[in-house]
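Q: this one's sequence-less:
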């Protein structure tokens, strides 16, 4: 049985890479779904995440050229584990958000559409924060969530106020990239 992957518009042209990915898909998709099913206990979600793994390859998010992969299952497992980790992280964020919503009075509860927009925004902010160094992330969160001044942040992190300013500039730069 041969499975053909149609290239996504604007992402991939028919090259040797797309042929390699097509071969990887044909020989490993079922195996990957089974592997993920054991972890997730949900074959439909496992199929979705397996598909996301191959989409990651197709979209060029992989650091290694597909032609250079020698241990395909180990490589796919690594990508799938990263996607699985992000999935669990999104679930955790969604649960925390829904729990916070449950404390709101019914009359000021956001609409379903607004909740989805807010949740998507939270996920984007979370992804942005993941791209920051640990102290930069901490400084940003102390400032934005706890309302600490730069001096208070400097004391908490045991760094200079100048470093806090630099960290905040980096964090806001990341935020601006989200808006664009």
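A: Sure, I can see it. Quick caveat, the model's predicted, so the values are computed rather than measured.

Q: which element is residue 44 on?
A: helix 43-58 (DSSP states H and E).

Q: give me the residues contacting the worst-scoring helix or strand of the chain on mean pLDDT.
A: In the chain, no helix or strand scores lower on mean pLDDT, DSSP states H and E than helix 112-130, which sits at a mean of 83. Contacts to helix 112-130, defined as CB atoms under 8 Å, 6 or more residues apart in numbering, come from residues 89-90, 93-94, 97, 101, 110, 137, 140-141, 174-175, 177-178. For every residue, glycine as well, the C-beta is placed using N, CA and C.

Q: now do stretch 137-148
A: 129, 132, 150, 152-153, 156-157, 164, 167-168, 171.

Q: list the buried residues for that stretch?
A: For stretch 137-148, a neighbour-count test (16 or more other CB atoms under 10 Å) marks 137-140, 142-143, 148 as buried.

Q: what packs against the longest helix belonging to the chain?
A: With secondary structure taken from DSSP state H, the chain has its longest helix at helix 72-102. Applying 3 or more CB pairs under 8 Å, 6 or more residues apart in numbering; DSSP states H and E, one finds that helix 72-102 contacts helix 16-40, helix 43-58, helix 112-130.
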